[in-house]
Structures are given as structure tokens and as C-alpha cells.
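1. the following comprises the amino acid sequence and a computationally predicted model.
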Amino acid sequence: MTHITLNNGIEMPLVGLGTYQLSSEDAQASTTYALDNGYELIDTANVYVNERAVGRGMRASSKAREEIFLETKLWPSFFERATAVDETLERLGTDYIDLMILHQPAGDIRTGYRHLEEAYKAGKVRAIGISNFPIEELRRLLGESEIKPSLIQVECHPYFPQTELKALLKEHNIALQAWYPLGGRGNASIMSEPVIAEIAKTHGKSPAQVILRWHVQLGHSIVPGSKTPSHIAENLDLFDFELTNEEMAQINGLDKGEPIFQRTPEVEHFFATFAPDVDSEK
Ligand code: NAD
């Protein structure tokens, strides 16, 4: 399975390129490289300050706009701005976004989500989603929104497989997309787990590929981040092998029951107040 169908009927590739912490130069080159080498999905965000570069990278690639699934995320300081979606489109240099996500459950969530609903109805975005919403906040949104989110992007990997959230997502047919699918930047510990190394050896694949294949077999969409061409290529090369039930169970056994990224009150305050300087990107 290389694609999934979202709850509003649109098709989405399971595997994409993440562009968090990529400079404009790296985001542009990596986007073009990924699209020229089989990728169809690119994930960016207002706050990454590389949307112009991702747009340039898309246009420089061999793929037509309609062959690309483009995701971006609206940052909380833009939730109340009625022109925020149009400004995002302008930066990306496109007239539609395939999936637009509220990046954090901070600030005026209701207004931000309403702006996404309006953009959806106007055909500016093909699907809407959320990110980092805790279960209670997601329940509240489901109770009061007109259009259900199609997807939630959350931290998810073998150390924290989001078991509780997934039960609610199943009820509402909401897709899960994993950030930190490999365990995140500067944190190679999942990739060095002996059980992962052993399974990788059995299949002649890398530890990263085993972890990403675990996600895919669970139906998670994944957006591993990289600017290294060999890693970008490797991270899509997941569809010629299959983990056995026993191997899946061994990887499930790595669950530590808590995320790597801890949301402290200081972090929450930062999310609600930080204003990214999107105009600084050339
Ligand atoms: P990740 O788990 O994808 O790990 C990336 C790290 O693994 C990098 O250091 C990279 O160099 C390395 N890597 C990538 N492929 C590899 C391979 N094949 N072999 C060995 N090492 C490899 O973490 P990430 O990039 O932080 O997250 C993925 C994406 O998720 C981001 O780029 C971004 O698009 C998204 N994200 C979203 C949020 C959110 O709040 N919604 C937060 C963080 C990240």
C-alpha cells in the first residue's frame, strides 16, 4: 500500500519528505531531489520559513503540480489573520494546497480552524488537518467543527506509538501522520536498538527502513526529514519487503509509553506567542 484515502475521499501518498530545520537552500534542493526520485508528498510549515524554497523546488522538479501532494501548516500567530491562507499560497507559488494543518493547539484555535474550513470550501485547500492536539482538544474540535479533520500529525515512533489516540482516530476515520518517525533529530537511539538491527540484517535493509516499514504496515503516513540524497532515496524504498507479525510485535515491544518531546508550560507559551518572520525568506 503506497497511498491512503482520506475521510473526504482524496488520495494521499503514505511517504513524504519532511523539511523541518532545512535551510531555504537545502529545502529547495531536497524537494527537487525527492520529487525527481519518486516522492509525491512534501511537508513544510509557515514556521519553517522555507515555503518559498519548497515552492521553487517543486517547480524545478520533473513533476507537474497535480502529481504532487503538498502539505503545509498554519502557525498559531496567523490563526486570526483572514489572509493567512492566501499569503501561504503566495509564498508557495501555487493556487492550492493539498493538506493544510493547524500546527499547534495554541492561540485562537476556533478561528484558525474556521479559516481552514473556509479555504476548503473555496477550493484553496483539498483537505484540512491538525497537529499536536491532545485527545481532549481533538474531541472538542470534533464536537464543534463543520468539517472533520482528515489527518492529525503527531509525534509517533516505536518508543511512543500513540496507542490511545489511535483508538479515537479509528472511530472518526482520521489518518495519522508521524512526525519524528525515526525518533527525531540528534536522537538516533531507536535506530540503534539491537532488535531493529537484527531485523534489518534479516531483510538486508537499513535500521531506518525497518522503522519506516513498521509505520507503513500500521497505516501511518510518514514524513522523515533529511537533506542527504542517499537517505531521502532510502526512506522511500520500503515497498519490496514485509515485516512478519513476530517482527512487528518485537518492534511494538519498544514502547516506552511517553513522547520524546515534552510539552512544558514554557513551550506552550512559546507556541502561542512566537511570530515567525516568514517575510525574511527570499
Ligand atoms: P525524523 O524522525 O524524521 O529524523 C530525522 C533525523 O534522522 C535527521 O537527523 C536525519 O538526518 C536522520 N535521517 C533521516 N533519514 C535517515 C536514514 N535513512 N538513515 C539515517 N538517518 C536518517 O525527525 P524530523 O525530521 O524532526 O521529523 C520529520 C518531519 O516531521 C519534519 O521534517 C517535519 O516536516 C515534521 N515535524 C512536524 C512537527 C510538528 O509539530 N507538526 C514537529 C517535528 C517535525
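-> Arrived safely, thanks for sending.

2. who touches the helix or strand of the chain with the lowest mean pLDDT?
-> For the chain, using mean pLDDT, DSSP states H and E, the weakest element among its helices and strands is helix 265-273, scoring a mean of 92. With Cβ atoms under 8 Å, 6 or more residues apart in numbering as the test, helix 265-273 has contacts from 76-77, 104, 106-107. C-beta coordinates here come from the backbone N, C-alpha and C atoms, glycine included.

3. report the two of those separated the most.
-> Maximum pairwise distance among the contacts of helix 265-273 (Cβ to Cβ): 10.1 Å, between 77 and 104.

4. higher neighbour count, the two?
-> The residue with more neighbours, out of residue 77 and residue 104, is residue 104; 25 against 20, by other Cβ atoms under 10 Å.

5. pretty sure the more buried one is touching residue 134, no?
-> No: Residue 104 is not in contact with residue 134 according to Cβ atoms under 8 Å; the separation is 11.1 Å.

6. what residues are shared contacts of those two?
-> By Cβ under 8 Å, 6+ apart, no residue touches both residue 104 and residue 134.

7. mind checking what secondary structure the residue of the chain most remote from its centre has?
-> Taking Cα atoms, centre = their mean, the residue of the chain most remote from its mean C-alpha position is residue 202, at 29.1 Å. For residue 202, the assignment made with DSSP: H, G, I helix; E, B strand; the rest coil gives helix.

8. now do the contacts for it.
-> residue 247.

9. roughly how far does the closest residue to the ligand within the stretch 151-282 of the chain sit from residue 166?
-> Taking Cβ to the nearest ligand atom, the ligand has its nearest neighbour within the stretch 151-282 of the chain at residue 225, 2.2 Å off. Per Cβ to Cβ, to the nearest Å, residue 225 is found 22 Å from residue 166.

10. which of these two has more neighbours?
-> residue 225 (21 against 18).

11. quick check: the more buried one touching residue 17?
-> Yes: if you go by Cβ under 8 Å, residue 225 and residue 17 touch, sitting 7.5 Å apart.

12. returning to that earlier point: out of the contacts of helix 265-273, who's nearest the ligand?
-> Nearest member of the contacts of helix 265-273 to the ligand, counting by Cβ to the nearest ligand atom, is residue 104, at 6.8 Å.

13. look at the closest one and give its secondary structure.
-> Under three-state DSSP, residue 104 falls in the coil class.

14. so who does it touch?
-> Shown in contact with residue 104 (Cβ under 8 Å, 6+ apart): 75-76, 131-132, 271-272.

15. tell me which parts of the stretch 151-282 of the chain are close to the ligand?
-> Proximity of the stretch 151-282 of the chain to the ligand (Cβ under 6 Å from any ligand atom) is limited to residues 153, 179-185, 206, 208, 223-226, 231, 234-235.

16. try the stretch 1-150 of the chain
-> Those residues of the stretch 1-150 of the chain that sit near the ligand, judged by Cβ under 6 Å from any ligand atom, are 18-20, 43, 103, 131-132.

17. can you lay out the residues you listed as a markdown table showing secondary structure and pLDDT?
-> Formatted as a markdown table, those follow (DSSP: H, G, I helix; E, B strand; the rest coil; pLDDT from 0 to 100):
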| residue | secondary structure | pLDDT |
| --- | --- | --- |
| 18 | strand | 98 |
| 19 | coil | 98 |
| 20 | coil | 97 |
| 43 | strand | 98 |
| 103 | coil | 98 |
| 131 | strand | 98 |
| 132 | coil | 98 |
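
18. for stretch 158-177, buried residues please.
-> In terms of neighbour count (16 or more other Cβ atoms under 10 Å), stretch 158-177 has its buried residues at 158-162, 165-166, 169, 174-177.

19. residue boundaries of the strands in the chain?
-> 3-5, 11-13, 16-18, 41-43, 69-74, 99-102, 128-131, 151-155, 175-179, 221-222 (DSSP state E).

20. I'm done for today, thanks for sticking with me.
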